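>>> Dropping a prediction and its sequence here:
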Amino acid sequence: MKPILKYKNKMSRVLFIALITMTFFSCKSNHKKYTIGVSQCSVDIWREKLIDELTLSSYAYGNIELKVVSSKDDDRLQMQQINQLMSEGIDLLIVSPNQINTISSVVDSVYDSGIPVILFDRKTNSDKYTAFMGADNYGIGKVMGEYAASSMKGQGRIVEIMGLSGSSPAIERQRGFDDIVKKFPNIEIVAARNGDWTEKSGEEVMEEILKEGVSFNCVFAHNDRMANGARTSIKKKGLRDSIMYIGIDALSNDGGGMQKVMNGELTATYIYPTRGDLLMQLAVNILNGKPFQRDNYLKTSIVTDENVEALLMQADEMKYQRSRILDLQGKINQYLAQYSHQQVYAFLAGIIILLSLIYLITAYRNAVKKRMLMEESFNSKLNFFTNISHELRTPLTLIGDPVEDMIDDENLTVKQRNVLQIVRRNVNILMRLVNEILDFRKIQSGKMTMTLSDFDLDTYMRQWITVFEASAEKKKVKLNLDVDDKLSVRADVYKVERICYNLLSNAIKYTKEGGTVNFSAHKEGENYRIQVADTGVGIPKGELPQIFDKFFQAEKHTHGGTGLGLAIVKAFVELHKGKVEVESEEGKGTTFTVTMPLIAIGDNVVVAPDARTETEETAETSSASELSTKVIVDNMTAADNSEKMSILIVDDNIDIRAYIMAIAGEYYNVSQAENGEKGLSMAFKEVPDLIICDIMMPGIDGLEFCKKIKEDMITCHIPVILLTARTLDEQRAEGYESGADAYITKPFNSKVLLVRIKNLIDNRKRLKYVYSNTEKPVEEPSDNDAAFLANFKKIINKHLADSEFNVETASAEMGLSRVQLYRKVKALTGSTPVEIIKITRLKQAEVMLRTSEKTVAEVAYLVGFSSPSYFSKCYKEYFGKLPGAAHK
Ligand code: FRU
């Protein structure tokens with residue numbers, strides 16, 4: 001699976017889980033919801049009031065959903081609506097059946113299906129209902145009958161306008177009314193007709209009755225609306241208005257029954273209760289399985305001019321309270337809605353934050369992983385190349401250095417020289433790559449150190465630019481140098497050189513024929529600024545930020561090199577606490593600007609104790625490169641006509657030993673050892689004049705070897721040159737600590753090596769020369785050497801009169817071999833032990849002759865000469881006059 005696809009799947013899985021969780025929690029957070037179907041037979045104010053009350057009450061429970069339908073007095077429609085509610089799914093049905101017979105079957109089937117049924121206000125003809133709630137319509141009929149009878153004082157004619165035929169309230173109200181009225185013989189129901197509960201039907205029914213010419217003084221309508229309709233009809237006829245109007249419902253709204261009683265339009269009415277609150281309570285009890293009463297008759301009262309005012313006030317108060325409750329409920333709903341929105345928003349925001357976090361973490365982890373993989377692969381590559389680079393150093397020395405030598409040969413043909421120059425160039429390229437990799441390795445491991453020295457940057461820049469002159473000329477690129485005179489800086493010259501070399505070689509590489517490369521350096525306050533500006537191809541803008549990145553470089557801009565060049569530049573500049581910047585425009589050119597402090601203070605600074613720094617070595621390199629081997633050797637032999645000095649080479653590489661033998665054997669007695677142990681025993685035995693030792697050796701390595709040499713009294717005076725990898729500065733520091741006198745870096749140049757050997761031996765000679773003249777030495781001998789010489793002198797003085805005393809007895813007394821004593825004394829003083837003993841005797845003799853009355857012969861014996869004539873000969877040779885002349 002492709003990683004991106006995998007990642008997408010992961011994301012959708014997370015989203016899916018999140019949504020499931022959300023659904024799960026939203027389900028869990030609320031208790032069970034119930035849907036109550038409410039089937040109303042009519043649409044009118046009384047029923048609207050009921051719905052209001054039901055709705056309001058449902059809020060109190062929080063888990064009730066009402067589905068209200070109204071059939072507008074249409075039986076078939078009501079049946080359809082009930083079926084529809086059933087199919088949608090309801091938990092309970094509240095129904096006011098329009099008519100008893102027609103609706104009963106549907107209601108029965110609902111009941112049979114297990115859904116609780118509450119009959120409200122009206123009834124079916126069946127027993128299949130869970131509960132009933134409503135007024136006692138038969139009772140109401142009776143109350144209204146009694147009221148009419150008493151109001152008419154037992155005498156009168158009544159028109160009865162009944163409710164919808166076949167509807168239970170109409171049937172019951174009529175029954176109750178008749179049951180009372182028939183008790184009054186002088187009261188007669190002159191007309192009884194059905195309306196359909198509407199005002200209009202009351203009007204129409206009355207119109208018909210009036211048409212028939214029926215006389216009456218009381219109208220009893222089964223509700224207020226029909227009563228009002230009848231009155232309208234009567235009024236329309238312009239009949240006198242002494243008729244009693246009795247209705248039912250007594251709604252308290254504007255134009256409702258109570259107001260009509262209040263203003264005399266109705267004589268009496270009866271509060272036909274809606275009580276949606278009680279109805280809801282009953283429904284909830286049933287749904288929750290709580291105990292309930294099956295038949296619930298609501299009791300209210302008749303409204304007449306006697307109680308209407310109080311009832312209206314009560315109703316007003318109720319209305320006010322109701323509106324407040326509604327208002328509060330509205331607010332609560334609003335808050336609830338907001339709250340639930342906020343809950344949803346918060347939940348969604350949480351999910352979004354969670355997903356974003358997962359995304360960010362995954363992206364970050366992927367990036368880190370990618371970076372680690374890159375780093376890993378880069379490091380393993382670097383390890384591989386580092387190993388190879390180390391391996392390449394020795395063969396490179398063995399190829400490059402002989403080639404250097406051969407190029408100087410005057411007998412070469414032009415063709416041979418050209419070929420050798422090609423070889424030299426390619427060896428140099430290889431060496432540069434090798435150094436680059438080893439340097440980078442050190443930068444990576446944080447082991448890169450700095451060797452600081454003070455130098456004039458302009459001098460070096462003039463040298464450095466010459467290296468590029470040939471390639472610039474070949475490419476027809478103009479190379480300009482602009483540098484302040486005497487630009488004195490403190491820096492790691494090798495690293496500054498590498499910075500400049502890398503920038504210059506890049507600049508020339510990317511500049512086309514006819515272009516220009518400007519190499520400049522100027523002082524700027526406490527800093528100096530080196531610039532390499534070319535008119536080359538430029539770097540695309542998008543690549544500029546990564547130009548110093550090792551991965552970027554390594555992957556995209558290798559151009560046949562390691563691609564680490566700019567990364568190394570940056571690292572070296574930063575070691576100096578400087579900065580490097582690049583400006584570039586595609587097609588126009590690039591400018592690299594390096595800014596570094598005039599006096600560098602690094603963190604990892606190595607300072608050579610003898611102030612012999614890289615600068616000196618570089619100077620030696622250049623001076624050596626200017627001279628032919630022959631000149632160096634001539635100088636050497638001119639400086640030293642004495643017997644050949646001895647050199648010991650300690651290196652595990654047979655080729656290196658052979659090579660040094662080849663280049664130095666002509667001028668020195670060279671011996672060799674293939675490891676540190678052997679080297680030490682040879683050094684103690686032979687006490688050579690100089691030791692060249694490799695650092696990296698199995699067993700005793702070069703550092704330990706050097707330490708042992710410098711610790712031992714016999715060998716401590718011997719200059720040691722350590723052969724080391726140039727990049728191993730930390731070894732350099734250790735090397736100086738171990739007492740090494742010089743370093744030669746691999747791959748090395750034979751001329752540099754010879755100059756180094758010569759310089760070290762010369763320095764040693766100066767010391768012994770001064771010493772042998774008993775003047776203050778130029779260079780103080782080490783404690784070991786001074787102790788050695790003091791001991792030797794003490795032994796000589798002790799045996800001064802002993803003519804048998806010689807080198808053998810002296811060396812035996814000092815615990816040395818004759819050779820060791822000889823080489824040590826010769827190395828330190830320039831004279832042999834025999835000469836030293838003789839000179840000491842002669843000097844003592846001179847003092848005696850000058851300060852005593854002793855004869856020449858006596859003095860000769862006293863200072864250990866067995867023959868006075870030999871004494872005189874030696875005395876003359878040393879002091880230039882005969883011993884007799886010393887006598888006063
Ligand atoms: C409302 C209504 C009332 C009447 C009741 C009888 O629809 O007509 O006026 O009292 O129904 O069910």
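Received the coordinates, thanks. Not measured: the values here are computed from a predicted model.

>>> CA only for contacts and neighbour counts going forward, please
OK.

>>> unless I'm mixing things up, R173 is touching N137, no?
Yes - look at R173 against N137 with C-alpha atoms under 8 Å: they come within range, at 5.0 Å.

>>> Closest approach to the ligand from the stretch 451-600 of the chain, which residue is it?
Going by C-alpha to the nearest ligand atom, the ligand is nearest to G542 of the stretch 451-600 of the chain, at 81.1 Å.

>>> count of residues packed around that residue?
8 (other C-alpha atoms under 10 Å).

>>> residue boundaries of the strands in the stretch 601-750 of the chain?
605-606, 645-650, 668-673, 690-694, 720-725, 742-746 (DSSP state E, counting those that start in this stretch).

>>> and those strands, which is most packed in?
strand 690-694 (a mean of 28; mean count of other C-alpha atoms under 10 Å).

>>> And the contacts of it?
646-652, 701-702, 718-724, 757, 761 (C-alpha atoms under 8 Å, 6 or more residues apart in numbering).

>>> partner strands of that strand, parallel or antiparallel?
strand 645-650 (parallel), strand 720-725 (parallel) (DSSP bridges).

>>> what about K67, which SS state?
strand (DSSP: H, G, I helix; E, B strand; the rest coil).

>>> typo on my end, L816
Under three-state DSSP, L816 comes out as coil.

>>> can you check V752 too?
Assignment for V752 (three-state DSSP): helix.

>>> so how far is the helix or strand hosting N366 from its chain's centroid?
Using DSSP states H and E, N366 falls within helix 308-407. With C-alpha atoms, centre = their mean, to the nearest Å as the basis, helix 308-407 stands 12 Å off its chain's centre.

>>> ok, now stretch 158-171?
85 Å.

>>> again with stretch 192-201
84 Å.

>>> do stretch 694-704 as well
Taking mean C-alpha positions (C-alpha atoms, centre = their mean), stretch 694-704 and its chain are 44 Å apart.

>>> ok, for the closest residue to the ligand within the stretch 51-200 of the chain, nearest residue in space, not its chain neighbours?
Using C-alpha to the nearest ligand atom, W197 is the residue of the stretch 51-200 of the chain that sits closest to the ligand, at 4.7 Å. Leaving out its chain neighbours, the residue that sits closest to W197 by C-alpha to C-alpha, 6 or more residues apart in numbering is G163, at 5.1 Å.

>>> how about the residues of this structure near the ligand?
Residues of the chain lying near the ligand by C-alpha under 6 Å from any ligand atom: S42, D44, W46, R47, D121, R122, P169, W197, N223, D249.

>>> Would you quantify the distance from the third one to K123?
Applying C-alpha to C-alpha, to the nearest Å, one obtains 17 Å for the distance of W46 from K123.

>>> can you check the last one too?
Remark: distance between D249 and K123 (C-alpha to C-alpha) = 18 Å.

>>> ok, those two, which is more surrounded?
A direct count of neighbours by other C-alpha under 10 Å for D249 and K123 places K123 higher, at 25 against 21.

>>> mind checking the SS state of the more buried one?
coil.

>>> Could you tell me the model confidence score at the closest residue to it other than its chain neighbours?
Spatial nearest neighbour of K123, chain neighbours left out: S168 (5.6 Å); criterion: C-alpha to C-alpha, 6+ apart. Here, the pLDDT recorded for S168 equals 95.

>>> After whichever strand or helix holds E846, which helix or strand is next?
Using DSSP H and E, E846 sits in helix 833-851. Sequence-wise, the next helix or strand downstream of helix 833-851 (DSSP H and E) is helix 856-862.
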